[in-house]
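Colleague: sharing a sequence plus its predicted fold:
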Amino acid sequence: MSATDSSARGTAVTAGTFDGVHRGHQEVIRFLREQSAREGLQPKAVTFDRHPLATVAPERTPPMILSRARRDSLLRKEGVEPEELEFDTRLMRLSASEWMEEMKRRFDVRLIVMGYDHTFGRDGLEMTVDDYRRLAQPLGIRILQAPCVEGVSSSAIRKAVAAGDVRKAAEMMGRPFEMEGDVIHGRRLGHTIGFPTANLNPVPGMLRPAPGVYAVDVVIPDGRRLRGVTNIGHRPTVDRADSPLTIETHIPGFNEDLYGSHLTLHFIERLRDEKTFPDLDSLTRAISDDIDAARTIF
């Protein structure tokens, strides 16, 4: 069946922020694809231009696990087309019934797949799946609930990353936690002590791991994936304790100019806490030890 024919017969959707596109999201999407194929519908993931809390309660907005572009790319890899809506005050005020009417009007929705903890509509928190089904029936929409992946959620991933447990985060995501941004000029101390670093200015609003030293994979603009060591912290050996947080990555054996480049760091393992060393020689030996430790991980 062609995409045009499928679209003409309606769509099946699942909706959410899909922040992290983690194993729970992947299971919902797998279920959506399976049901769509069975019923001849086009599967879509309805998502938003911001976290809903940015409109509902800005002070509670969490840092994002993925950029919007990366989220959409991963959704497509999972086999669904993302449809991004502006989560403004109008959308926020829709009731569950009005939300489904909107889905019907925009996408000719015939089927909605809900995750185990998913709600929609301003009155959705008080509703059961059966309540949604009752409201959906007059619209010609069926409601199905996808299987649950226990212990996996965006909030749990944020908690793990904030604690530096990037291995646990990777288990929940099905791939390493990643951070992206542009390389900016630093103080060039790394060059001075023989370990040049790329200083990352991360995409604003993104989740950052706890301060410490990490084994990472670095994806550079030409697509190469290189192994490296990243320090996140305040560089207490050479700076004041209250100095701005820096994200510095050393790529052993790499001498090309990365200033202005957009990099993605894939966090593989936390090696140690950030430490204060008595002198630069001690710092240099520690960095060398970090590089050796990272080699044993990859």
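Modeller: Looks like it came in fine. Residues are numbered from 1 along each chain as shown.
Colleague: and this structure, what are its domain boundaries?
Modeller: The chain is divided into the following domains under automatic domain parsing: 3-145, 176-297.
Colleague: can you lay out those domains as CSV showing mean pLDDT and distance to residue 154?
Modeller: Where you see a C-beta, it was placed from the backbone N, CA and C, and this is true even at glycine. Putting these into CSV (pLDDT from 0 to 100; distance: least, Cβ to Cβ, whole Å) gives the following:
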stretch, mean pLDDT, distance to residue 154
domain 3-145, 93, 5
domain 176-297, 85, 10
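Colleague: how about a markdown table for the ones you listed, with distance to residue 165 added?
Modeller: As requested, the domains of the chain are arranged in a markdown table below (distance: least, Cβ to Cβ, whole Å):
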| stretch | distance to residue 165 |
| --- | --- |
| domain 3-145 | 14 |
| domain 176-297 | 7 |
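Colleague: mind putting the ones you listed in CSV, mean neighbour count included?
Modeller: Output for the domains of the chain, formatted as CSV (neighbours: other Cβ atoms under 10 Å):
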stretch, mean neighbour count
domain 3-145, 17
domain 176-297, 16
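Colleague: closest to residue 161 out of the ones you listed?
Modeller: Of all the domains of the chain, it is domain 176-297 that lies closest to residue 161, at 5.2 Å by Cβ to Cβ.
Colleague: for residue 196, what are phi and psi?
Modeller: When read as degrees, to the nearest 10, the backbone of residue 196 gives phi -60, psi 140.
Colleague: and it, how far from residue 224?
Modeller: According to Cβ to Cβ, to the nearest Å, residue 196 and residue 224 sit 17 Å apart.
Colleague: quick revisit: relative to residue 152, which of the domains of the chain is closest?
Modeller: domain 3-145 (4.3 Å).
Colleague: mind checking how far that closest one is from the chain centre?
Modeller: 17 Å (Cα atoms, centre = their mean, to the nearest Å).
Colleague: what does stretch 155-163 give?
Modeller: 11 Å.
Colleague: how about that stretch as PDB, C-alpha atoms only?
Modeller: Only the C-alpha atoms of stretch 155-163 are listed here, as PDB (Å, rounded to 0.1, in the frame of the first residue of the first chain):
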ATOM      1  CA  SER A 155      12.000  11.500  34.700                       C
ATOM      2  CA  ALA A 156      14.000   8.400  35.700                       C
ATOM      3  CA  ILE A 157      16.500   9.000  33.000                       C
ATOM      4  CA  ARG A 158      16.900  12.600  34.100                       C
ATOM      5  CA  LYS A 159      17.500  11.500  37.600                       C
ATOM      6  CA  ALA A 160      20.200   9.000  36.600                       C
ATOM      7  CA  VAL A 161      22.000  11.400  34.300                       C
ATOM      8  CA  ALA A 162      21.900  14.200  37.000                       C
ATOM      9  CA  ALA A 163      23.500  11.700  39.400                       C
END
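Colleague: residue 15 touches residue 52, doesn't it?
Modeller: No - contact criterion Cβ atoms under 8 Å: residue 15 and residue 52 do not qualify, at 10.7 Å.
Colleague: for residue 73, what are its contacts?
Modeller: Residues counted as contacts of residue 73 (Cβ atoms under 8 Å, 6 or more residues apart in numbering): none.
Colleague: surely it forms part of a helix?
Modeller: Yes - counting by DSSP: H, G, I helix; E, B strand; the rest coil, one finds residue 73 located in a helix.
Colleague: does residue 217 touch residue 263 like I think?
Modeller: No - using Cβ under 8 Å, residue 217 makes no contact with residue 263, being 10.6 Å away.
Colleague: what are the ranges of the strands in the protein?
Modeller: Applying DSSP state E to the chain gives strands spanning 11-15, 42-48, 81-85, 109-114, 142-145, 177-184, 198-202, 212-219, 225-233, 246-250, 262-272.
Colleague: now these as JSON lines including distance to residue 99?
Modeller: As requested, the strands of the chain are arranged in JSON lines below (distance: least, Cβ to Cβ, whole Å):
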{"stretch": "strand 11-15", "distance to residue 99": "8"}
{"stretch": "strand 42-48", "distance to residue 99": "10"}
{"stretch": "strand 81-85", "distance to residue 99": "10"}
{"stretch": "strand 109-114", "distance to residue 99": "10"}
{"stretch": "strand 142-145", "distance to residue 99": "12"}
{"stretch": "strand 177-184", "distance to residue 99": "31"}
{"stretch": "strand 198-202", "distance to residue 99": "33"}
{"stretch": "strand 212-219", "distance to residue 99": "37"}
{"stretch": "strand 225-233", "distance to residue 99": "40"}
{"stretch": "strand 246-250", "distance to residue 99": "39"}
{"stretch": "strand 262-272", "distance to residue 99": "34"}
